[in-house]
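Enquirer: Structural data only, the sequence is not supplied:
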């Protein structure tokens, strides 16, 4: 097991290197100069050249990459061009915000979607199935920013139950902090419920057709036992894979929702950094996101044998 | 039993009273909240800044002079300013009773220290080129003959020394205490002399400033960044809210008190809201269509003139700004004291003449690219309307939408045929012209490369007599109308929406909100 984990971790290194090179090159290919954005429309060539030299942007690109990579390997992701902040602490601080919302939202979504998908599959083509599929389709069709704004207007503006802007970390004031993240969590949970319900239903339908399920019913097993003991564990594995992919994708930042709800999360950091051509921040965030993605998928792969012992044997 | 009851009641009463007084004692001080559309870059005045940064920092710091509402410089930390006959020596007398936020009194040594820091290249002060000989002046010395006197000596006289010192994007050349900087020379936080002091900066979330009780105000009424200032609220909180819809919702739900950067498109939703007031101000920013005079097609002045004649400036401005802005084909803003009758003369809309000029130039419908962006939506609207107007004369414009960073890059390199662009405010007319005129070989961003005009620009910066200066500026405007290196269209508008509880807010051409003298009812 440990050998397997070690091999998987080592296999991530080429992936991360590829991500690092790709991001570095792509960012440099996009037109736009971070120094110009800093200095504005009145900057003269001398000022621009001086600023570029101070920021190390006048060096040859391979040299810039080598310096940056060397520092990254020592745990130093550099400093933001925009405000001079150290990149890694900034990423970790913003990641906490995004993670606190994503993890809770995906958990809620999974707790709703898995049983809903199972029930829909069990009652396939019946009115309950149609209602669940219809609801799930509606949720996954709705743009997240639109739903977020709608909830914000309803619960923030009209009813005044929840704050419209701002953020308080849960570690600072749990109760206040909770008020600020309820709406983004609910928004994200609703969207992901739609996605996960469809997958859960599809895989449950596949399993319900299998012979051992018919066999269990023929033996006189109660329907609840058939569903919970035989269908759910076997149908859950593909949904677990999807949950892993969704988590990895969302933990990279939910930029749109963070913008709507004014949350200082990782997604907004990335978007702002791209617009500002803040190379160290963009490179750092994308490298970090790739690492998270890879680790989440490793975790999912390690959990898979719990649901499908055949994978453990392989 | 009744004795127990009495004791119990007394205990409950005491407990409730204790909670009540604790609650009162902890009642939050009055807090004024406004929106920033992005986080600030730093708290170091004039260093690594943008507009949002200036908005926040200028509530904490002050310079020797500040910008007045008529866009002329006025004394701020200085009580008196004397200029030598040859215009090369400026003597500032400091006001009495001014202290820094850490309680230290303001002395001439602090001014010298601040200026030496600004003039050091390592500081990366935005306005260093304007004072080290590359721009409008070369400061050859800053000295303190006594504790209340500071003397600046320049290599040559210039009419723009005090104006440039007062510039908002220079951080007002603010005087800060040396404890603002660590022993290693790294910036810590501003210890200035302003009516508010630095409180807290939660990056990506908000910046909070606190009232400075010992602020020494000037006695005259508020005038731009100068005049009387009083912090009427205990705390200012600048909340980072990037999304416009969320910002509007925040204002309407009492999440914030002030929105200072509303676009024309958002006005409709806010007009008529019972708890919201809206103020409007014309600013000194200039929206224009820039034309690359080095382009093989557009180097022909007849084609440029045809474009200017085709674009109906009043109609375009009416369309882009909902008839709220005043059309202005001058580089000098309408709010400037130098906006004369001569400056008010602009391009006449004349399609027939435009077609004639195009025919003479041999234009046969070659496409002309116009760059724009959607970050400043008025730029995009300008490009769309300009395209429609140009088509009436037979000029084919293709619009290319870029992100702002890319467009700024192309602007700086001169890599465009035409573009819809917005120049940030310049509060002196010479600086307005300086934005657009210069040698393209060394400054490709400049649209107007005419050595005679550049000489006129230098002349306008050296003359101090207003009438003579006006004549030079009027001449430059006439030449601009003739050569058409660009088509200025209008000056920007600032709309500020405030909760009705907010009292005392005044808008002004420089756009920077001033939150002193503002109170909450």
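Expert: Done, it's in. What you see is a predicted model, and the numbers here were worked out from it, not measured in a lab.

Enquirer: tally of neighbours for the residue of the stretch 51-200 of chain B found nearest chain A?
Expert: Closest approach between the stretch 51-200 of chain B and chain A, counting by CB to the nearest CB: residue B:129, at 5.9 Å. Glycine gets a C-beta too; all of them are placed from N, C-alpha and C. Residues within reach of residue B:129, counting by other CB atoms under 10 Å in any protein chain shown, total 17.

Enquirer: for the one 10 residues further on, same thing?
Expert: Residue B:139 sits with 20 neighbouring residues when counted by other CB under 10 Å.

Enquirer: The residue of the stretch 351-500 of chain B found nearest chain A is in what secondary structure piece?
Expert: At 3.1 Å from chain A, residue B:405 is the closest residue in the stretch 351-500 of chain B, using CB to the nearest CB. Per DSSP states H and E, residue B:405 falls inside helix B:404-413.

Enquirer: Run a quick neighbour tally on the nearest residue to the residue of the stretch 351-500 of chain B closest to chain A once chain neighbours are set aside.
Expert: Of all residues not flanking residue B:405 in the chain, residue A:32 sits nearest, at 3.1 Å (CB to CB, 6 or more residues apart in numbering or on different chains). Neighbour count for residue A:32, taken as other CB under 10 Å: 20.

Enquirer: Check whether residue A:32 really touches residue B:406, as I assumed.
Expert: Yes: using CB atoms under 8 Å, residue A:32 makes contact with residue B:406 at a distance of 4.8 Å.

Enquirer: what sits in contact with each of these two?
Expert: Common contacts of residue A:32 and residue B:406 (CB atoms under 8 Å, 6 or more residues apart in numbering or on different chains): none found.

Enquirer: what's the neighbour count on the residue in the stretch 151-300 of chain B positioned nearest to chain A?
Expert: Across the stretch 151-300 of chain B, the shortest distance to chain A (CB to the nearest CB) belongs to residue B:204, at 3.3 Å. Residues lying near residue B:204 (other CB under 10 Å) number 22.

Enquirer: Check residue B:275 too.
Expert: Residues near residue B:275, counting by other CB under 10 Å: 11.

Enquirer: Against residue B:375, how distant is the residue nearest to it when sequence neighbours are not counted?
Expert: Counting by CB to CB, 6+ apart, residue B:500 is the residue found nearest to residue B:275 once chain neighbours are left out, at 5.1 Å. Separation of residue B:500 from residue B:375 (CB to CB, to the nearest Å) stands at 31 Å.

Enquirer: Return the residues in contact with the residue nearest to residue B:405.
Expert: Applying CB under 8 Å, 6+ apart, the residues near residue A:32 are A:277, B:403, B:405, B:406, B:408, B:409.

Enquirer: Output these in TSV, with distance to residue B:152, pLDDT and neighbour count appended to each entry.
Expert: Below are the contacts of residue A:32 laid out as TSV (distance: CB to CB, whole Å; pLDDT from 0 to 100; neighbours: other CB atoms under 10 Å in any protein chain shown):
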residue	distance to residue B:152	pLDDT	neighbour count
A:277	37	88	27
B:403	42	90	17
B:405	37	87	21
B:406	40	91	18
B:408	33	90	24
B:409	36	89	19
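
Enquirer: Please, which helix or strand holds the residue in the stretch 1-150 of chain A that chain B sits nearest to?
Expert: When scored by CB to the nearest CB, the stretch 1-150 of chain A has residue A:32 as its residue closest to chain B, at 3.1 Å. Residue A:32 belongs to no helix or strand when assigned by DSSP H and E.

Enquirer: residue ranges with poor pLDDT in chain B?
Expert: Along chain B, the model assigns pLDDT under 70 to residues B:1-29.

Enquirer: What's the biggest strand in it, counting residues?
Expert: Longest strand of chain B, by residue count under DSSP state E: strand B:276-291.

Enquirer: What pairs with that strand, parallel or antiparallel?
Expert: Using DSSP bridges, the strands paired with strand B:276-291 are strand B:418-423 (antiparallel), strand B:486-499 (antiparallel).

Enquirer: Next, format those strands as TSV and append mean neighbour count.
Expert: Listed next are these as TSV, based on neighbours: other CB atoms under 10 Å in any protein chain shown:
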stretch	mean neighbour count
strand B:418-423	24
strand B:486-499	24
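
Enquirer: which stretch among those comes nearest residue B:263?
Expert: Proximity to residue B:263 (CB to CB) singles out strand B:486-499 among the strands paired with strand B:276-291, at 7.7 Å.

Enquirer: following that closest one, which helix or strand shows up next?
Expert: Next element after strand B:486-499 (DSSP H and E): strand B:502-503.

Enquirer: Please enumerate residues in contact with the helix or strand just after that next one?
Expert: Later in the chain than strand B:502-503, the nearest helix or strand by DSSP H and E is strand B:519-520. Identification of contacts with strand B:519-520 by CB under 8 Å, 6+ apart yields B:30, B:32, B:232, B:233, B:257, B:501, B:502, B:503, B:504.

Enquirer: So the closest residue to residue B:31 other than its chain neighbours versus residue B:103, what's the distance?
Expert: Using CB to CB, 6+ apart and skipping the chain neighbours, the partner closest in space to residue B:31 is residue B:235 (4.6 Å). Residue B:235 is 20 Å from residue B:103, where distance means CB to CB.

Enquirer: Residue B:510 too?
Expert: Residue B:510 is 30 Å from residue B:103, where distance means CB to CB.

Enquirer: These two: which is more packed in?
Expert: The neighbour comparison of residue B:510 against residue B:103 (other CB under 10 Å) goes to residue B:510, with 25 against 9.

Enquirer: Hmm, residue B:226 and that one touching each other?
Expert: No: Residue B:510 is beyond contact range of residue B:226, at 11.8 Å (criterion: CB under 8 Å).

Enquirer: Next, show the common contact partners of these two.
Expert: With CB under 8 Å, 6+ apart, residue B:510 and residue B:226 have common neighbours residue B:67.

Enquirer: And the pLDDT at the residue most central in space within chain A?
Expert: Geometric centre of chain A, nearest residue: residue A:250, 1.4 Å, by CA atoms, centre = their mean. You'll see residue A:250 listed with a pLDDT of 88.

Enquirer: For residue 260, the count of nearby residues, please.
Expert: I'll assume chain A. Neighbour tally, residue A:260, other CB under 10 Å: 25.

Enquirer: wrong chain, I was asking about chain B
Expert: Look at residue B:260: counted by other CB under 10 Å, it has 21 neighbours.

Enquirer: could you pull out the strands for the stretch 151-300 of chain A?
Expert: In order along the chain, the stretch 151-300 of chain A carries no strands (DSSP state E, counting those that start in this stretch).

Enquirer: Low-confidence bits of it, can you list those?
Expert: Using pLDDT under 70, the stretch 151-300 of chain A has no residue that qualifies.

Enquirer: Would you pull up the residue in it closest to chain B?
Expert: For the stretch 151-300 of chain A, CB to the nearest CB, closest residue to chain B: residue A:264, 3.3 Å.
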